[in-house]
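Q: could you work out the structure for the sequence below:
(one chain, ligands or ions: 2)
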Amino acid sequence: MLSDLPIAVIGAGAMGEAIIGGLLRNELVAADQILASHPREDRRRELSHHYGIQTTHDNLAAAQWGRVVIFAVKPQQLRRVLPPLRGALRDDDLAISVIAGATIASFAEALDHQAVVRSMPNTPAQIGCGMTVWTAAPAVNERQRGWAATVLGALGRELFVDNETYLDMATAINGTGPAYVFLMMEAMIDAGVHLGLSRRIAEELVQQTMLGSVQYAIQSGLHPAQLRNAVTSPGGTSAAALSELERGGLRTVLADAIWAAYRRSVELGRNG
Ligand SMILES: NC(=O)C1=CN([C@@H]2O[C@H](COP(=O)(O)OP(=O)(O)OC[C@H]3O[C@@H](n4cnc5c(N)ncnc54)[C@H](O)[C@@H]3O)[C@@H](O)[C@H]2O)C=CC1
Ligand SMILES: O=C(O)[C@@H]1CCC=N1
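A: Ligands and ions are numbered 1, 2, ... in the order given. Now for the predicted structure:
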């Protein structure tokens, strides 16, 4: 599907590298099909040494070279990155953004190019276990949609949605979600250490409990409330713990956090 297709990555930081790694790990492209643009020489050297890909400091050269041009700079960098690239993409080229908040309209306007895909991956993409939600401008044709599905599929699971407003919502759930999970892991590990477990044992217990619970939920297909009820014996330990979590407002705090992430995503789209 991506054979011989030149792929440019503008802003090869954590997410850009996850895409490069995923494409190569899944043997979807050869290393010489990738050109990564980065301002720092040591980073360029690191990327070419590790992946055997081509690198440049010149975003314009990368944008002109790629048929698929992936944008993975921070939202605040976008205002400086896009204007010099205006007119650089040809009609049948595809721009793919992974940038939180940045709208398809802002890309299309700044680049003077209509074929734009907006996506929201997450950091488990680093190991091919990501969840990416994406949508496409009407100008993106079937072939280009295939390219996008393949590129984003290299990060883990990908889900196409036909409504761009879902992207800000996805940013708050799957994009930002790993931060909620890691904070919860950290808190559980620290509490285990507080109880008297060694940090090594606490980490192992928390990691496998998280992993096993998620796999059990997926494989059983049961509603989380049913699974939670099955853990909760009358007068037992789970009932005692859950009572504290409800008293502390865990559900509403989580919901408030997700709304805050959503509002911030919308705001980033307005202001950069
Ligand atoms: N980190 C995360 O969990 C997720 C991040 N994203 C989005 O991915 C984008 C990148 O995030 P990260 O990879 O985490 O950030 P990062 O900071 O690791 O990567 C951005 C890279 O762009 C480079 N850069 C800065 N100015 C540049 C320029 N003028 N030209 C080319 N490159 C330039 C930076 O040096 C940096 O290496 C962000 O827009 C973020 O919203 C999306 C989903 C998840
Ligand atoms: O914090 C952020 O803005 C990025 C976007 C999604 C996850 N991290």
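Q: tell me the residues of the chain that contact ligand 2?
A: The chain comes close to ligand 2 at residues 100, 171, 175-176, as judged by Cβ under 6 Å from any ligand atom. C-beta: built from backbone N, CA, C; applies to glycine.
Q: JSON lines for these, including secondary structure and pLDDT?
A: Shown next, in JSON lines, are the residues of the chain next to ligand 2 (DSSP: H, G, I helix; E, B strand; the rest coil; pLDDT from 0 to 100):
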{"residue": "Ala100", "secondary structure": "coil", "pLDDT": "97"}
{"residue": "Thr171", "secondary structure": "helix", "pLDDT": "98"}
{"residue": "Gly175", "secondary structure": "helix", "pLDDT": "98"}
{"residue": "Thr176", "secondary structure": "coil", "pLDDT": "98"}
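Q: can you give me the distance of the residue of the chain found nearest ligand 1 to ligand 2?
A: Residue of the chain nearest ligand 1, by Cβ to the nearest ligand atom: Gly13 (1.8 Å). Going from Gly13 to ligand 2 by Cβ to the nearest ligand atom, to the nearest Å gives 11 Å.
Q: so that residue sits right up against Phe71, yeah?
A: No - using Cβ atoms under 8 Å, Gly13 is not in contact with Phe71, being 11.5 Å away.
Q: the two - which one has more neighbours?
A: Per other Cβ atoms under 10 Å, whichever of Gly13 and Phe71 has more neighbours is Phe71, with 28 against 14.
Q: gap between the more buried one and ligand 2?
A: Taken as Cβ to the nearest ligand atom, the span from Phe71 to ligand 2 is 13 Å.
Q: and for His38?
A: 19 Å.
Q: can you check Leu85 too?
A: 22 Å.
Q: now Arg270
A: In this view, Arg270 and ligand 2 are 15 Å apart by Cβ to the nearest ligand atom.
Q: in space, what's closest to that residue - neighbours in sequence excluded?
A: In this structure, Arg270 finds its nearest non-sequential neighbour in Gly101, 7.9 Å apart by Cβ to Cβ, 6 or more residues apart in numbering.
Q: residues contacting the residue of the chain closest to ligand 1?
A: Gly13 makes contact with 38, 72-74, according to Cβ atoms under 8 Å, 6 or more residues apart in numbering.
Q: turn those residues into a markdown table, columns for neighbour count.
A: As requested, these are exported to a markdown table (neighbours: other Cβ atoms under 10 Å):
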| residue | neighbour count |
| --- | --- |
| His38 | 24 |
| Ala72 | 23 |
| Val73 | 24 |
| Lys74 | 14 |
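Q: hmm, stretch 170-188 in reach of ligand 1?
A: Yes - Stretch 170-188 lies within reach of ligand 1 by Cβ under 6 Å from any ligand atom, at Gly175.
Q: ligand 1 contacts on the stretch 101-250 of the chain?
A: 120-123, 175.
Q: farthest-apart pair in those residues, please.
A: Met120 and Thr123 (11.8 Å; Cβ to Cβ).
Q: who's more crowded, those two?
A: For Met120 versus Thr123, the count of surrounding residues by other Cβ under 10 Å is larger for Met120: 29 against 17.
Q: mind showing which ranges of the protein have poor pLDDT?
A: Within the chain, the stretches with pLDDT under 70 are 272.
Q: where exactly do the strands run in it?
A: Remark: strands assigned in the chain by DSSP state E are 7-10, 34-37, 54-56, 68-71, 94-97, 116-120, 130-136, 156-160.
Q: elements contacting the third one?
A: Yep, that's strand 54-56 we're talking about. strand 34-37, helix 41-51 (3 or more Cβ pairs under 8 Å, 6 or more residues apart in numbering; DSSP states H and E).
Q: as CSV, the ones you listed with distance to ligand 1 and mean neighbour count would be great.
A: Shown next, in CSV, are those (distance: least, Cβ to the nearest ligand atom, whole Å; neighbours: other Cβ atoms under 10 Å):
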stretch, distance to ligand 1, mean neighbour count
strand 34-37, 5, 25
helix 41-51, 6, 14
